[in-house]
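>>> quick one, structure for this:
(chains A and B)
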2 protein chains.
Amino acid sequence: MPPLYFIPGPSQLAPTLSAHLEEALRKGVASVSHRSKAFEDIYKNTTEKLRILLGIPTEYHIWFLSSSTEIWERLCRNCIDKGSFHLVNGSFSRRFSEYPAEIGLPSASVSVPDGNGFSLSGIHIPADTDFVAVTVCETSTGVWTDPNEIQKLKSRAPNIRIVADVVSAVPQCQLDIASCHAVYFSVQKGFGLPAGLGVLIAHPDAVANSEKLRSSGRLTGPHHSFSALAKYSAIHQTPSTPNVLFIYLLGEIASDMLKIGLDRIRKEGLEKAATIARAIEDSSFLEFFVAESGFRSPTVTVANVEEGSEKLLKYLVDGGFVVGNGYGSHKGKHIRIANFPAHSVENVAALCHAIRKFK
Amino acid sequence: MPPLYFIPGPSQLAPTLSAHLEEALRKGVASVSHRSKAFEDIYKNTTEKLRILLGIPTEYHIWFLSSSTEIWERLCRNCIDKGSFHLVNGSFSRRFSEYPAEIGLPSASVSVPDGNGFSLSGIHIPADTDFVAVTVCETSTGVWTDPNEIQKLKSRAPNIRIVADVVSAVPQCQLDIASCHAVYFSVQKGFGLPAGLGVLIAHPDAVANSEKLRSSGRLTGPHHSFSALAKYSAIHQTPSTPNVLFIYLLGEIASDMLKIGLDRIRKEGLEKAATIARAIEDSSFLEFFVAESGFRSPTVTVANVEEGSEKLLKYLVDGGFVVGNGYGSHKGKHIRIANFPAHSVENVAALCHAIRKFK
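Here you go, the predicted structure:
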């Protein structure tokens, strides 16, 4: 039997993925031209399903790029005018915070030590900022930023462009997209697809802002500029040859989720998170890395392992469970357990049972 | 029965693709971490197979990006110092020639009317040029540039960085990669994969050149910079989460090709091209768009259709053959027929038989 993947992305594939893939090959999805009506129908279906599933306002753009790290660069080049401000609470938010300077754009950040979180109500946004980067689930540390607070942040600073990383948080997180200038994720986490597709949801004003930056000479280069993305998405196409197959699969997985119901998926997500939390609480060798429970992500749980994580990870692999190692400097110290819709209640119970049996 | 796809990419999938995909899912390829040994092994296998298959010198880098249009932007930003010079003979080479100016880089070009080709021996490279862009098969017009001439061009201008587009030409074309600074292609053409992966082969000096451009402030931005790509490819990884599944599949298809033998694949490719050519010559309603036979691509054949292409394309679809329409302003006038390794001798014969029966 193949192992169960609990690494926080790429991760376990959605249980229906293999059947959708077979159907896609049968229908010739991977052979159709990306300038054909057949592709436009795929694009339309996927964006429509995502719009319903995630409550994306009609006027927001939905664009397909190659990864969230590509999206970081596009966001910096197309959205930062005065300066960006980053809330840094782990490796991924930290890496994003370095992008503007590497592009030559003004930026600032506020950091908390790894394992700590942010309450957005306490955040002071510096002057000369028009872009604030928030990470709902920081995949490296398992820290959660309450998405409900984004709305309040927006009310406090209505002219700020809030950019929300929901990479490992979607579709578990309930986010008011209308409060954001941009929201982005990759499909290999909560959607249970193979890696190779990033999704960028952008405020309708994002295109005009981007065009202003181009006029001023700050934005250069044609590839995946917001203008190009908008020009083509208006006709349900993409500026360059996209990953047609994965766009199709994303639409199918979103359809499956609509059928099951997102409320049920989220409820089950919280129940599975509680199962994982109990296994950690009951353990003599595991300790939550995120001390404050309100900052713990329901989708990625990170625990410190007494005497290091190597032995436990190997034990779990031998039992058929591939769990994530600690990220960056936490490698060999932590385990990271993903809890996405592709992980069934039974899968999570089996993993926790194995953890309880360790030693 | 599903139709046969003769569009010039995305196109017909390799006949073994579906079995490789099944095996990949069985082995968990789409779930492994891109920072794991399992992924490094996939990366190593694919680059090793490509190196043998295409004669890529050991010291050249092989990098995976998302598309050839992404590669255009990376090449401009990372390789153009003094200025670029583009040989334009169709829509794709024309689009690439517009990139430098849109990034704010000096560039020049020489054009021939669509359907005409270039003899590289006649090309005068202007002063203040350090980058020359050549397209071996221009997918929009079916024009071929003899890859043997690239070597001679290099001897004439040893300090020029020759960048060769082999998007629709590989693996049919026999190219001396050592004469080039960079060579690139996408996997949905000659390798018979779904779209969503671009491959960039780069001279070892490309990284130092790119770093010089960064020091001078000309190159900005971290995403897929040559330094980042080189840093990670040295450890058989990628800077951002890649399309692991397609990198794996590319390695499997390259293995298949090595088993069959590239000589045989190329010989068969020329034979199939001759079959297509005869169908056009014998037809009363088709005419080669590329008048001079030496400039006709063996991989993409473009023909003018008397009274327009619409009726013929519909007739072919009804018969189970999806053939490409004319590109850009040639839409409705041309047909474009791809001839990749995934198109069997029998498939090509069946298509040509159908063409002969039209009217």
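>>> helices or strands next to the biggest helix by length in chain A in the packing?
Longest among the helix segments of chain A by residue count, using DSSP state H, is helix A:262-282. For helix A:262-282, the packing partners by 3 or more CB pairs under 8 Å, 6 or more residues apart in numbering or on different chains; DSSP states H and E come out as strand A:286-288, strand A:300-305, helix A:345-356. All C-beta atoms are positioned from the backbone trio N, CA, C, and that covers glycine.
>>> next, the angle from it to strand A:300-305.
Angle of helix A:262-282 versus strand A:300-305, following axes from the mean of the first three to the mean of the last three CA atoms, to 10 degrees, is 10 degrees.
>>> quick check: buried residues in helix A:262-282?
If you call a residue buried by 16 or more other CB atoms under 10 Å in any protein chain shown, then helix A:262-282 has these buried ones: A:L262, A:I265, A:R266, A:E268, A:G269, A:K272, A:A273, A:T275, A:I276, A:A277, A:A279, A:I280.
>>> adding pLDDT, write these out as CSV.
CSV is the format used below for the buried residues of helix A:262-282 (pLDDT from 0 to 100):
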residue, pLDDT
A:L262, 98
A:I265, 98
A:R266, 98
A:E268, 98
A:G269, 98
A:K272, 98
A:A273, 98
A:T275, 98
A:I276, 98
A:A277, 98
A:A279, 98
A:I280, 98
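>>> quick one: which of these is nearest B:H236?
Taking CB to CB as the measure, B:H236 lies nearest A:I276 of the buried residues of helix A:262-282, at 32.2 Å.
>>> contacting residues for the spatially closest residue to A:A38 that is not a sequence neighbour?
The shortest distance from A:A38 to any residue other than its chain neighbours is 4.3 Å, reached at A:V32 (CB to CB, 6 or more residues apart in numbering or on different chains). Contact criterion CB atoms under 8 Å, 6 or more residues apart in numbering or on different chains gives A:A38, A:F39, A:I42, A:V244, B:Y5, B:P10, B:V322 as the residues in contact with A:V32.
>>> from those, which ones fall inside strands?
Members of these lying in strands (criterion: DSSP state E): B:Y5, B:V322.
>>> from the contacts of A:V32, list just the buried residues.
Going by neighbour count (16+ other CB under 10 Å), those have A:A38, A:F39, A:I42, A:V244, B:Y5, B:P10, B:V322 buried.
>>> what distance do you get for the nearest residue to the second one once chain neighbours are set aside to B:Q12?
Meaning A:F39. Nearest in space to A:F39, with sequence neighbours left out and distances taken as CB to CB, 6+ apart, is A:V32 at 5.5 Å. Taking CB to CB, to the nearest Å as the measure, A:V32 falls 11 Å from B:Q12.
>>> still on that earlier bit, now the buried ones among the contacts of A:V32 as TSV including distance to A:S329?
Listed next are those as TSV, based on distance: CB to CB, whole Å:
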residue	distance to A:S329
A:A38	48
A:F39	44
A:I42	42
A:V244	39
B:Y5	49
B:P10	42
B:V322	52
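>>> and the helices and strands packed on helix A:262-282 as a markdown table, adding mean neighbour count, distance to A:A24 and mean pLDDT?
Rendered in a markdown table, the data for the helices and strands packed on helix A:262-282 read as follows (neighbours: other CB atoms under 10 Å in any protein chain shown; distance: least, CB to CB, whole Å; pLDDT from 0 to 100):
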| stretch | mean neighbour count | distance to A:A24 | mean pLDDT |
| --- | --- | --- | --- |
| strand A:286-288 | 18 | 40 | 98 |
| strand A:300-305 | 26 | 29 | 98 |
| helix A:345-356 | 17 | 25 | 98 |
